[in-house]
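Q: no sequence on this one, just coordinates:
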């Protein structure tokens, strides 16, 4: 599955809503697209997720920085999805909502959902939150990258953990959709890093 900021990339296996309601977010349901996006990014930052590890996917036209542009007509499909890299498990996650009739309301709903789940964690439900986010897997787990992890990362097969980490951090930023890359390339780098570190831990 190719994940793109636009058009909407709906997670595999997630059901779609047939009848949509008016959203409650903002003053009288009038939250802006930018306001909703910033709210969602803020909630993910509070989970220690870096901005470069977040892909917000909708059918909205994008700004030059890769984020949805405000002040545009509503697309026919107002659904919104967010993909991110779990900073602890180093795994891709996804969440999607299309309950409301406006994209910004669905983006804000994603933020509110994550905020609620963080509240569970604050009140001692760490295991609950861990299990919940385990369910938000964005992609099937690739056992191995097709091109080989050293080729994807541009390092020698006998590279050290420090060299692999440095290449991973550089490419993760370069391949991010917000910086002109593609989600497919972004997650290929993630998969290569996980494969490389697994081999190092196993002693190559």
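A: Good, I have the coordinates. Everything quoted here is computed from the prediction, not taken from an experiment.

Q: beyond the host helix or strand of residue 42, next helix or strand please.
A: Remark: residue 42 resides in helix 33-46, with elements defined by DSSP states H and E. Of the helices and strands lying after helix 33-46 in sequence (DSSP H and E), the nearest is strand 54-57.

Q: run the chain-centre distance for that next one.
A: Centroid separation between strand 54-57 and its chain, computed with C-alpha atoms, centre = their mean, to the nearest Å, is 5 Å.

Q: equivalent analysis for stretch 93-113, please.
A: That offset, for stretch 93-113, works out to 13 Å (C-alpha atoms, centre = their mean).

Q: would you mark the buried spots in that stretch?
A: Applying a neighbour-count criterion of 16 or more other C-beta atoms under 10 Å, one finds 93-98, 100-113 buried in stretch 93-113. In this view, the C-beta of every residue, glycine as well, is placed from N, C-alpha and C.

Q: show me those residues that map onto strands.
A: Members of the buried residues of stretch 93-113 lying in strands (criterion: DSSP state E): 93-97.

Q: in a markdown table: those, plus distance to residue 86 and pLDDT.
A: Listed next are those as a markdown table, based on distance: C-beta to C-beta, whole Å; pLDDT from 0 to 100:
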| residue | distance to residue 86 | pLDDT |
| --- | --- | --- |
| 93 | 5 | 85 |
| 94 | 11 | 88 |
| 95 | 12 | 90 |
| 96 | 16 | 93 |
| 97 | 19 | 95 |
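
Q: which helix or strand lies directly C-terminal to the helix or strand bottoming out on mean pLDDT in the chain?
A: Taking mean pLDDT, DSSP states H and E as the measure, helix 126-134 is the helix or strand of the chain with the lowest mean score, a mean of 57. Note on helix 126-134: by DSSP H and E, the next helix or strand toward the C-terminus is helix 149-153.
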